[in-house]
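*Asks:* With the input below, show me the fold.
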Amino acid sequence: MPTTRNVHFVTDYPRNVQNGLPGMIVPQFVYEAPRPTGHARDEALPTLMFHSADGTLGVRVQDVLDGRAHIARAEDAPRLSLTGTRVSLRICWPGYEDWTFNNAINLFDSTPAKKPVKLARIVDKIALAVSAFYSEMGTVTAKDDGAWDVRRIPLESLYLVELRQVLQASWQPVICADIH
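*Replies:* Numbers count the residues shown, from 1 in each chain. So this is what the prediction gives:
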């Protein structure tokens with residue numbers, strides 16, 4: 001019997017937030033482990049919302065990759081794990097197999113003090129993961145919904161809006177596409 005999967009969608013946000021989105025929410029399935037594992041979320045950590053320094057919701061992926069992004073609260077060090085030192089990122093783009101970038105974000109810097117990484121570094125790593133996903137999927141034809149084929153949506157049109165915890169050490173970025 002087929003199961004229904006939850007989807008990240010615009011209605012996840014209150015109307016005032018919907019109006020400030022930098023495009024359409026990519027309707028990704030919410031990542032679910034293929035089988036029960038020991039990595040369930042014992043205690044959910046808060047989601048991270050990404051804002052530009054001017055307060056607008058979302059940070060353009062290409063600006064992050066080019067080093068031009070101005071991220072609000074860039075010096076904050078948000079907590080992405082209660083126990084681990086690295087987390088993985090999951091992308092469940094419509095029409096493609098679920099994609100994982102294992103150990104995508106080291107949560108501590110490489111100094112002897114092992115300081116927690118700043119939000120700016122986390123956003124850098126997420127943008128690199130989205131770019132890697134695009135590179136890998138750019139040679140694959142979308143299965144279900146050609147409207148979301150990555151070859152039709154320029155990387156330059158993507159914005160990071162939010163990061164949601166889906167397993168103890170796994171997070172999924174919520175992405176908007178500014179396509180008109």
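
*Asks:* Tyr31 contacts Arg90, doesn't it?
*Replies:* Yes: applying C-beta atoms under 8 Å, one finds Tyr31 in contact with Arg90, separated by 4.0 Å. For glycine as for every other residue, the C-beta is placed from the backbone atoms N, C-alpha and C.

*Asks:* how far away is the closest residue to Arg151 other than its chain neighbours from Trp148?
*Replies:* Once flanking residues are discounted, Arg151 sits nearest to Gly138: 6.0 Å by C-beta to C-beta, 6 or more residues apart in numbering. Gly138 sits 13 Å away from Trp148, going by C-beta to C-beta, to the nearest Å.

*Asks:* Count the neighbours of the residue nearest to Arg151 for me.
*Replies:* 11 (other C-beta atoms under 10 Å).

*Asks:* so who does Val7 touch?
*Replies:* Pro27, Gln28, Phe29, Val30 (C-beta atoms under 8 Å, 6 or more residues apart in numbering).

*Asks:* Can you give me the distance of it to Pro27?
*Replies:* 5 Å.

*Asks:* cool, Gln18 as well?
*Replies:* Relative to Pro27, and taking C-beta to C-beta, Gln18 is found at 14 Å.

*Asks:* what's the answer for Leu65, then?
*Replies:* Taking C-beta to C-beta, one finds Leu65 at 24 Å from Pro27.
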